[in-house]
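A.B. asks: need a 3D model of the following:
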Amino acid sequence: MSVIGTEQGRVSDLVHPAPPPAPPAGRQRGPVWFAWKRFSANKAAVAGGIVLGILILLAIFAPLVTKTGPNQQAFLTQALSPPSAEFWFGVDDLGRDFFTRIVYGARVSLTIGFAAAFCSILIGIPLGALAGYYGGKTDWVVMRIIEIFSVVPPLLAAMLLAAVTRGGFRTIVIIAGLFGWVQVCLLVRAQVKAYKEKEFVRAAEALGASPGYIIRKHLIPNAVSPIIVGFVLAIPLAMMLEASLSFLGIGVMPPTPSWGQMINTGMNFMYFYWHMAVFPTAALAITVLATTLFGDGLRDALDPTLKGT
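C.D. replies: Residues are numbered from 1 along each chain as shown. Below you'll find the predicted structure:
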């Protein structure tokens, strides 16, 4: 009987083979893996991220990569010298190494960009969460505020505010934050509206959780992806606004190096000393382009509709 049973088992195994073993839990591919796969496939976004990373490192370690201070007039006898092996970006009209000024200008622009983006999410996250969760009159009020900020030209309003407050670092950060929160608010609002009808939110409401607790613990954590995207995309807007105000003379005040200031000064010398205008303009354009490409790549990679594809 045992031999017959063994033979029957072998025949059964051939007819109905056992399913393959499940892969170990540690090898399962989660949403982060799929997001990285989509992001790494976007060559423009990867290139933008690399350039942005290099610029951030240069800004952080500026004293180590430059030979003088940003305001040190160490080369007065070589003022307005063109780019050379000794002076990579030339010398400005006051005898300062222009490469040093560009690097320290990156520190100023990136600091303002990140600080303004942080202010943007501080405003955009709560307004977007309240509008998305409550809807009705709350959503109507928030959307009307967004329409007002969308209609007002940011540069003209920033010029007025900067002129009244005499500009400065803090003023530019606040102004850029006030005009950069709209996109963050819209992204968070859309995500919260999509998640507030989910079963886990309904279960929390049935258990008596307060709206504030649900928003903080359940809805905002599920809106991390659009928050990150909104934060990154707010950085180039703030940098452009700072450069525009500094170009007009109501932004970052001299002698603090600013790309907008350098472009304004370089306009007076560009016909004979081209490096005075070209290098700060190129630095600003490359930084804004790299940050925008990186932010667009993050948005495509973190898009919830693409997860698991």
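A.B. asks: OK, contacts around L110?
C.D. replies: 55-56, 59, 235, 239, 287 (Cβ atoms under 8 Å, 6 or more residues apart in numbering). C-beta coordinates here come from the backbone N, C-alpha and C atoms, glycine included.
A.B. asks: cool, and S109?
C.D. replies: Applying Cβ under 8 Å, 6+ apart, the residues contacting S109 are 239, 242-243, 258-259, 284, 287.
A.B. asks: can you map out the helices along the stretch 1-150 of the chain?
C.D. replies: Along the stretch 1-150 of the chain, counting by DSSP state H, counting those that start in this stretch, helices occupy 2-15, 31-41, 43-60, 62-65, 98-134, 136-151.
A.B. asks: okay if I get those as a markdown table plus mean pLDDT and distance to I220?
C.D. replies: Formatted as a markdown table, the helices of the stretch 1-150 of the chain follow (pLDDT from 0 to 100; distance: least, Cβ to Cβ, whole Å):
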| stretch | mean pLDDT | distance to I220 |
| --- | --- | --- |
| helix 2-15 | 47 | 52 |
| helix 31-41 | 82 | 17 |
| helix 43-60 | 94 | 25 |
| helix 62-65 | 90 | 36 |
| helix 98-134 | 92 | 6 |
| helix 136-151 | 91 | 16 |
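A.B. asks: closest to G208 out of the ones you listed?
C.D. replies: helix 98-134 (16.5 Å; Cβ to Cβ).
A.B. asks: before we move on, the earlier item: just name the most buried of the helices of the stretch 1-150 of the chain.
C.D. replies: helix 98-134 (a mean of 22; mean count of other Cβ atoms under 10 Å).
A.B. asks: what angle do that helix and helix 43-60 make?
C.D. replies: Calculated by axes from the mean of the first three to the mean of the last three Cα atoms, to 10 degrees, helix 98-134 forms an angle of 120 degrees with helix 43-60.
A.B. asks: which of the contacts of S109 sit farthest apart?
C.D. replies: Spanning the widest gap among the contacts of S109 are S258 and T287, at 12.8 Å by Cβ to Cβ.
A.B. asks: let's see which of the contacts of S109 end up in helices.
C.D. replies: Among the contacts of S109, the members falling in helices (DSSP state H) are 239, 242-243, 259, 284, 287.
A.B. asks: just these now: which is nearest A117?
C.D. replies: The closest of those, once distances to A117 are taken by Cβ to Cβ, is M239, at 9.8 Å.
A.B. asks: the closest one reaches A290, doesn't it?
C.D. replies: No: with contact defined as Cβ atoms under 8 Å, M239 does not count as touching A290 (10.9 Å).
A.B. asks: quick one on the thing from earlier: so for A209, which of the helices of the stretch 1-150 of the chain sits nearest?
C.D. replies: Across these, A209 has its closest neighbour in helix 98-134 (12.3 Å, Cβ to Cβ).
A.B. asks: can you name the residues in contact with stretch 134-154?
C.D. replies: Contacts to stretch 134-154, defined as Cβ under 8 Å, 6+ apart, come from residues 127-128, 130-132, 178-179, 182, 185-186, 189, 193, 211, 237, 241.
A.B. asks: try it again with 6 Å
C.D. replies: For stretch 134-154, the surrounding residues in contact (Cβ atoms under 6 Å, 6 or more residues apart in numbering) are 127, 130-131, 179, 182.
A.B. asks: make a markdown table out of the helices of the stretch 1-150 of the chain and add distance to K198.
C.D. replies: Shown next, in a markdown table, are these (distance: least, Cβ to Cβ, whole Å):
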| stretch | distance to K198 |
| --- | --- |
| helix 2-15 | 44 |
| helix 31-41 | 16 |
| helix 43-60 | 30 |
| helix 62-65 | 47 |
| helix 98-134 | 12 |
| helix 136-151 | 19 |
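A.B. asks: right, and the ones you listed - which one's nearest A157?
C.D. replies: helix 136-151 (8.9 Å).
A.B. asks: C-terminal to that closest one, what's the next element?
C.D. replies: Once the chain leaves helix 136-151, the next helix or strand it forms, by DSSP states H and E, is helix 154-165.
A.B. asks: quick one: that next one to chain centroid distance?
C.D. replies: Distance of helix 154-165 from the chain centroid (Cα atoms, centre = their mean, to the nearest Å) equals 23 Å.
A.B. asks: buried sites along that helix?
C.D. replies: 154, 158-159, 161-162 (16 or more other Cβ atoms under 10 Å).
A.B. asks: do stretch 195-207 as well
C.D. replies: Buried-residue list, stretch 195-207, by 16+ other Cβ under 10 Å: 195-196, 201, 204.
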